[in-house]
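Enquirer: My questions concern the predicted model and sequence given below.
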Amino acid sequence: MKHFRGFVIKEFYHIFRDKRTLAILFVMPIVQMLLFGYVVTNEIKDAKIGILDHSQDVVTRKITDKLASSGYFIITKVLTNETEIEDCFRTGSVKEVVVFEPDFAVKLEREKKASIHLIADASDANTANLIVNYTSAIVNDYVTKENKTVTTPMQIGIESRMLYNEELKGVYMFVPGTMALILVLISALLTSVSIVREKELGTMEILLASPLRPLQIIIGKVMPYAVLSFVNVITILLLSNSIFGLPIQGSVALLLLESMLFIILSLSLGIFISTSTNSQQTAMMISMMGLMLPAIILSGFIYPVENMPMILQWVCHINPSTYFIIIVKNIMLKGLGFMSVWKETLVLCGMVVFFITMSVRKFKIRLE
Amino acid sequence: MQTVVVDNLSKSYKQAVALKNITFEVDAGEIFGFIGPDGAGKTSLFRILVTLLLPTEGTATVLGYDVVKEYKKIRNKVGYMPGKFSLYQDLTVEENLNFFATIFSTSIEENYHLIKDIYCQIEPFKKRRAGALSGGMKQKLALSCALIHKPEVLFLDEPTTGVDAVSRKEFWGMLKSLKHSGITIIVSTPYMDEASLCDRVALIQNGNILKINKPDVITTTFEKKILAIRSSDMHKLLSDLNSFEACDSAFLFGQTIHYTAKQNNLVMPELQNYLTGLNHQQVEINPIEANIEDCFMSLMNQAS
Amino acid sequence: MSERETIITVNHLVKKFSSFIANNDLNFEVYKGEIFGFLGANGAGKTTAIKILCGLSKPTSGEATIAGFDVYTQKDDIKNSIGYMSQKFSLYEDLTVTENIRFFAGIYGMTRKDIKIKTQQLLAKLELEDSAKKLIKDLPLGWRQKLAFSIAIVHSPKIVFLDEPTGGVDPITRRQFWNQIYEAAAEGVTVFVTTHYMDEAEYCDRVSIMVDGRIAALDTPQKLKETFEADSMNEVFIKLARNATYNE
């Protein structure tokens, strides 16, 4: 155990003394989050919306005022019937139309239940999603405040519809996608490079000729990266929450566990790469081309998998990032539990077993 | 007791043959040197002995353990310094040493006495990164790292290559004192002049061992007689000697040319006349003892 | 000797890296066609000085001219008048012998016809005709070094810099290599060479020995041995370098 500790300490020295590694570890995740976040999102400010109020009562007016005074929205259109909605979107004069059902206040009073339809222009999927979320939040805020004064709580059902992009593909994917990308980068790329560097330097020769077992060498090398990757997961989640207002809908513990699983998978990929090459450059190229690019392009991060040609879809299905992104999306965005992601989790577990077995087989106790 | 026993060992890679049927033994407590140029097979041999490579054919044991089957036992008991000084450039002198101590489950304090003489020379720089050390200091640190776990055998692959003459001299001094503490030292070098510092040497070339013996035995039993010749124009002298009918070989050796004759009959007056006839001034011809390099080159020529 | 044509002139040359002085007031001249040995312990400042002389790095202060060109302002002219070969980088291992010759001759602007002629001459001289189409990595080290030297002077430079050209080479090839050096010098090429083999220092016309960034001695091997009362250059070197302070 003592020599293992010494090994890990040494590895941390390497990391903290190399400016490039440090930058990749700590600056890159933040930069990527901000980059992807801001490229895909625009802060909601003065978004133009339309109101179609079939009820025209106290409550609907109150909610409308609340929307208008929030600072996020400007009500530019007041519609009178459903047919106008399409036109508004066509001309691009609004991003969202808020539809109050008839007898809104009355229903709320009697049945303690009323509903609002939010129709958004999802051709800019991300903005649409943000606007809908903001609107919902404002409505919910209204409900919570009102409920404090009454005995039986009321509910406003919010139904949203995304025009032009019903399933909201690509929206909010930047968080799961960035997580996948950063974990692949740190866990796979940095570990493979750092193991191969020892080969280049010749120190691997000494390590191998020492009583250390191959497994000890591997674990000693990847342990720091596992820890730092985990720190990064937390950083990303905090950032996405504080800057982009993205809450974690599902279980945080489950999300962290799944992330850990993905980290272990990426590490085993990194180890696998390092056993197949003797030069840092090659290791970097393989990691970049073989892991990072697919993590960005062939994972559903940016382009929806369903729209790809069949061959690329297959590639997506052997790409670990694809599964991780689905898992994160389900837990974080949809608030679903383990039952919704067990299949993907199983696939990732299978991959971990596969790559670790392969690496242990390939990692030689000798030089050739 | 033999520390290393190698029997008919061969090593071939996909394209090249690195070692051809070599056999030798190293006695406990001696400094055994492999002398030969790059590509002679020294590194392959060392890697096989420290269990990093598998031999293609033949057997080898270190401290009685088989290099293939009992590699784990060997790894605990040998110290190895690979060809390049394999140190972590971004760690300090002390951190490097500490690291190599911990992977062998020991500490600097525990075995300080072993490395004291060597390490004390670089200790003033212990907070300096290894990458910023001079070649000689790196070499000392690498040796300290290879010694820190108290190995019984030390394998040093070209420890003096690329190091200046002063550091080389110091380094051999250190090896001498290590020998006194009972460690068997197996060392390789491309510098022929370092042969005399070993107890026994193996001259190695193209995967073959040309000769194994004590360095002075190798030189004194050298069958050819050698003349050291000089004149005022060394370059012309060399080409003139090479075109001399009885000449077997003529090689520059520092300030003289070492000359051997065919059939080994050195006729000095004849040679003297030949050279003066060619207008050489200040011709000096002296019979000398062969050195290791003479032997090596002669053996090389015989082998090819 | 002063009437001999000088090809390298170095005056009060200083090179500093922040607080560390790598070259401290170097002064020397190298004559045309001589074999100039440039010795020094590791870290004495040899590499720094060679880089300046090859036009790869600017001195902090002082003057240096190479083949009449100034190291501050005429770097490109310098590069055209020199050849360079080191133990570490010499030839492209994944190119054949002819391809290497063609490439290096090409970057010095030789015409295609000249290159063709030179290639033939070179292959004939080195007895490499049969290996012309072989990859460099399949050649024995000794041959590679000999070929690398020939290529370093393929464009008939005025000066050739050789940085430890014979490291690790077998003793016979090492001597053949020195024969090449002699031949080049006889044809008027100035040879500026570093080595760790002290017997090779004896083969130089003049030898300078650097210690701690300064030139501690410069003379013919014979004179150096007399001055330092030593039997060999090895002794001279050790006497001088032992006093180094290693204060890098």
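Expert: Alright, I've got the coordinates.
Enquirer: which stretches of chain C form helices?
Expert: C:46-53, C:75-81, C:97-107, C:112-125, C:141-152, C:171-186, C:198-202, C:221-227, C:233-241 (DSSP state H).
Enquirer: Compare the ones you listed and give me the one nearest residue B:174.
Expert: With CB to CB, the closest approach to residue B:174 among the helices of chain C belongs to helix C:233-241: 16.0 Å. C-beta here means a position set from N, CA and C on the backbone, and glycine is covered the same way.
Enquirer: so what does that closest one touch, helix or strand wise?
Expert: Helix C:233-241 sits against helix B:165-180, helix C:198-202, strand C:206-211, strand C:214-219, helix C:221-227, with contacts defined as 3 or more CB pairs under 8 Å, 6 or more residues apart in numbering or on different chains; DSSP states H and E.
Enquirer: Need the contact partners of that helix.
Expert: When contacts are defined by CB atoms under 8 Å, 6 or more residues apart in numbering or on different chains, helix C:233-241 is touched by residues B:164-166, B:169, B:193, B:254, C:39-41, C:44, C:198-199, C:201-202, C:207, C:209, C:211, C:216-217, C:221, C:224-225, C:228, C:230.
Enquirer: Which residues of the stretch 1-150 of chain B lie near chain C?
Expert: Counting by CB under 8 Å from any CB of the partner chain, the positions of the stretch 1-150 of chain B adjacent to chain C are B:15, B:36-40, B:132, B:134-137.
Enquirer: And the furthest pair within those residues?
Expert: Most distant of those, by CB to CB, are B:15 and B:132, 38.5 Å apart.
Enquirer: the more surrounded of these two?
Expert: residue B:132 (13 against 7; other CB atoms under 10 Å in any protein chain shown).
Enquirer: Taking chain B, what residue is nearest to chain A?
Expert: Nearest residue of chain B to chain A, counting by CB to the nearest CB: residue B:102, 2.9 Å away.
Enquirer: Of the residues of the stretch 1-150 of chain B next to chain C, grab the buried ones for PyMOL.
Expert: Selection of buried members from those for PyMOL, criterion 16 or more other CB atoms under 10 Å in any protein chain shown:
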select buried, chain B and resi 36+37+38+39+40+134+135+136+137
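Enquirer: tell me which element residue A:230 falls in.
Expert: helix A:214-242 (DSSP states H and E).
Enquirer: any idea how far that helix is from the chain center?
Expert: 17 Å (CA atoms, centre = their mean, to the nearest Å).
Enquirer: by how many degrees do the very next helix or strand once past that helix and helix A:214-242 diverge?
Expert: Sequence order places helix A:252-276 as the next helix or strand after helix A:214-242, per DSSP H and E. Put simply, helix A:252-276 runs at 140 degrees to helix A:214-242, going by axes from the mean of the first three to the mean of the last three CA atoms, to 10 degrees.
Enquirer: quick one: stretch C:131-149 near chain B?
Expert: Yes: on the criterion CB under 8 Å from any CB, stretch C:131-149 is in touch with chain B at C:138, C:140-142.
Enquirer: List the buried residues in that stretch.
Expert: Judged by neighbour count (16+ other CB under 10 Å), stretch C:131-149 contains these buried residues: C:131, C:136, C:139, C:141-149.
Enquirer: Now it - C-alpha only, PDB.
Expert: What follows is stretch C:131-149, C-alpha atoms only, in PDB (Å, rounded to 0.1, in the frame of the first residue of the first chain):
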ATOM      1  CA  SER C 131      22.200  -0.100 -50.900                       C
ATOM      2  CA  ALA C 132      21.000   3.000 -52.800                       C
ATOM      3  CA  LYS C 133      17.400   1.900 -52.600                       C
ATOM      4  CA  LYS C 134      17.600   0.700 -49.000                       C
ATOM      5  CA  LEU C 135      15.900   2.600 -46.200                       C
ATOM      6  CA  ILE C 136      18.200   4.300 -43.800                       C
ATOM      7  CA  LYS C 137      16.900   2.300 -40.900                       C
ATOM      8  CA  ASP C 138      18.100  -0.900 -42.500                       C
ATOM      9  CA  LEU C 139      21.700   0.300 -42.700                       C
ATOM     10  CA  PRO C 140      24.200  -0.400 -39.900                       C
ATOM     11  CA  LEU C 141      24.800   2.600 -37.700                       C
ATOM     12  CA  GLY C 142      28.400   3.100 -38.900                       C
ATOM     13  CA  TRP C 143      27.300   3.400 -42.500                       C
ATOM     14  CA  ARG C 144      24.600   5.800 -41.600                       C
ATOM     15  CA  GLN C 145      27.100   8.100 -39.900                       C
ATOM     16  CA  LYS C 146      29.400   8.000 -42.800                       C
ATOM     17  CA  LEU C 147      26.600   8.700 -45.200                       C
ATOM     18  CA  ALA C 148      25.300  11.500 -42.900                       C
ATOM     19  CA  PHE C 149      28.600  13.200 -43.000                       C
END
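Enquirer: can you list contacts of that stretch?
Expert: Outside stretch C:131-149, the residues touching it (CB under 8 Å, 6+ apart) are B:15, B:37-39, C:85, C:87, C:90-98, C:100, C:123, C:126, C:128, C:160, C:162, C:165-166, C:168-170, C:172-174, C:176-177, C:180-181, C:184.
Enquirer: Could I have the buried ones of the residues you listed as PyMOL selection syntax?
Expert: To isolate the buried members of these in PyMOL, using 16+ other CB under 10 Å:
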select buried, (chain B and resi 37+38+39) or (chain C and resi 85+87+90+91+96+97+98+100+123+126+128+160+162+165+166+168+169+170+172+173+174+176+177+180+181+184)
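Enquirer: Now the stretch 151-300 of chain A against chain C: closest residue?
Expert: For the stretch 151-300 of chain A, CB to the nearest CB, closest residue to chain C: residue A:279, 14.0 Å.
Enquirer: one step back: any idea how far residue B:81 is from the residue of chain B closest to chain A?
Expert: 18 Å (CB to CB, to the nearest Å).
Enquirer: Compare neighbour counts for the two and give me the winner.
Expert: The residue with more neighbours, out of residue B:102 and residue B:81, is residue B:81; 25 against 21, by other CB under 10 Å.
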